[in-house]
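Colleague: only geometry, no sequence info:
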């Protein structure tokens, strides 16, 4: 069974703070995606990383794929209340997308 | 990306009954996926629905409990049978259009409460 563990599970911070979310697995994935989910909606894709060691930036969000393609991180700079939501990493192998355990982020004004 | 319409958006059901959830996509797709999201948790893949063949179920999920239909390339249904309170969850359908690089597209989900 492929498992993706995310840490931390919960994160409550003030606006303007920085944070990092980690996604770890013992399995190798051909690609890894990060999604954000808001209440009452399905997850929405933020980024896909494919190459080991790859770094991608999306405005204040920086995503990194581990060299061995088993882990990933999401760093948010100067968090804003609009960043509040459930962040999910998801690894793809053999026609399946397996989701991580999730990190619930709350950013207070 | 595709647009997915999922119905119903929510329902409250009595234990022992069944509920059928519909998923309509605005374009033809080869594979459709059904996920379950238990309260406050992440998504777990229930099954992959392919048109013209039986669905492929993940470990812990069986066809008798979660029968799936896939009559064409734009539509699928998931039935939650003989429901118990433990089935209270959000059920989401999902598709991938184009390459996986652009991610999976999800419906808004069906919030099911079993009483």
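Modeller: Great, that's in hand. Given the structure is predicted, the values throughout are model-derived calculations rather than measurements.

Colleague: Stretch B:31-51 vs chain A: in contact?
Modeller: Yes - contact of stretch B:31-51 with chain A (CB under 8 Å from any CB of the partner chain) involves B:31, B:33, B:35, B:40-45, B:48. Just so you know, the C-beta spots here come from the backbone N, C-alpha and C atoms, and that holds for glycine as well.

Colleague: Could I get the contacting residues of residue 15?
Modeller: Just so you know, I chose chain A. A:79-81, A:107-109 (CB atoms under 8 Å, 6 or more residues apart in numbering or on different chains).

Colleague: if you could check chain B rather than the one you did, that'd help
Modeller: B:83-85, B:114-115.

Colleague: where's it, which helix or strand?
Modeller: Residue B:15 is part of no helix or strand, with elements assigned from DSSP states H and E.

Colleague: Can you check the pLDDT for it?
Modeller: On pLDDT, residue B:15 comes in at 97.

Colleague: so how far is chain A from the residue nearest to the spatial centre of chain B?
Modeller: Closest residue to the average C-alpha location of chain B: residue B:34 at 3.3 Å, with CA atoms, centre = their mean. Residue B:34 sits 12 Å away from chain A, going by CB to the nearest CB, to the nearest Å.

Colleague: Just to check, that residue is in contact with residue B:70?
Modeller: No - counting by CB atoms under 8 Å, residue B:34 stays clear of residue B:70, with 10.3 Å between them.

Colleague: May I have the strands that pair with the helix or strand containing residue A:6, each with its orientation?
Modeller: Assigned by DSSP H and E, residue A:6 belongs to strand A:5-7. Neighbouring strands of strand A:5-7 in its sheet, by DSSP bridges, are strand A:19-24 (antiparallel).

Colleague: Mind listing residues that contact the next helix or strand after the partner strand?
Modeller: Once the chain leaves strand A:19-24, the next helix or strand it forms, by DSSP H and E, is strand A:31-37. Contact partners of strand A:31-37, identified using CB under 8 Å, 6+ apart, comprise A:23, A:43-50, A:63, A:65, A:69, A:72, A:74, A:85-92, A:97, A:99, B:100-101, B:103-104.

Colleague: after strand A:31-37, next one along is what?
Modeller: Counting by DSSP H and E, what follows strand A:31-37 is strand A:44-49.

Colleague: Can you name every helix or strand that that following strand contacts?
Modeller: strand A:31-37, strand A:55-58, strand A:61-65 (3 or more CB pairs under 8 Å, 6 or more residues apart in numbering or on different chains; DSSP states H and E).

Colleague: quick one on the thing from earlier: can you list residues touching both of residue B:34 and residue B:70?
Modeller: B:49, B:76.

Colleague: ok so, going back, could I have the buried ones of the contacts of strand A:31-37 as PyMOL selection syntax?
Modeller: To isolate the buried members of those in PyMOL, using 16 or more other CB atoms under 10 Å in any protein chain shown:
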select buried, (chain A and resi 23+43+44+45+46+47+48+49+50+63+65+69+72+74+85+86+87+88+89+90+91+92+97+99) or (chain B and resi 100+103+104)
